[in-house]
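>>> Could you work out the structure for the sequence below:
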Amino acid sequence: MAFLFYYAHMRGADIRVECLLNGVYDMAVVSRLAAESYLTQKGLCLALELGPHTYVGEHQLILP
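Numbering: from 1, shown residues only. Just a heads-up that it's a prediction; the model follows:
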């Protein structure tokens, strides 16, 4: 089974979450602080919390 996805780097969580909510992207990686503030919005959920031994240990993946 293949999983095809595109990656785009965008500076700032606001634009990443906006694109996620508008259906431009299927997922967004954001900081823990940004995730905690955006997860209060309807329609978003935490999908993956990256661990302490990763380059982005304080980042999380959110999905619509």
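
>>> and the most centrally placed residue in the chain, what are its bridge partners?
The geometric centre of the chain, computed from its C-alpha atoms, lies nearest to residue 28 (C-alpha atoms, centre = their mean), at 2.5 Å. Beta bridges link residue 28 to residue 62 when assigned by DSSP bridges.

>>> thought it was touching residue 16?
Yes. Counting by C-beta atoms under 8 Å, residue 28 touches residue 16, with 4.2 Å between them. The C-beta positions use only the backbone N, C-alpha and C, and glycine is treated the same way.

>>> Tell me which residues touch the residue nearest to the centre of the chain, please.
13, 16-17, 19-20, 61-62 (C-beta atoms under 8 Å, 6 or more residues apart in numbering).

>>> The residues you listed in helices, which ones?
In helices, defined here by DSSP state H, the members of those are 13, 16-17, 19-20.

>>> Now restrict the residues you listed to buried residues only.
In the ones in helices among the contacts of residue 28, burial by neighbour count holds for 13, 16-17, 20, counting by 16 or more other C-beta atoms under 10 Å.
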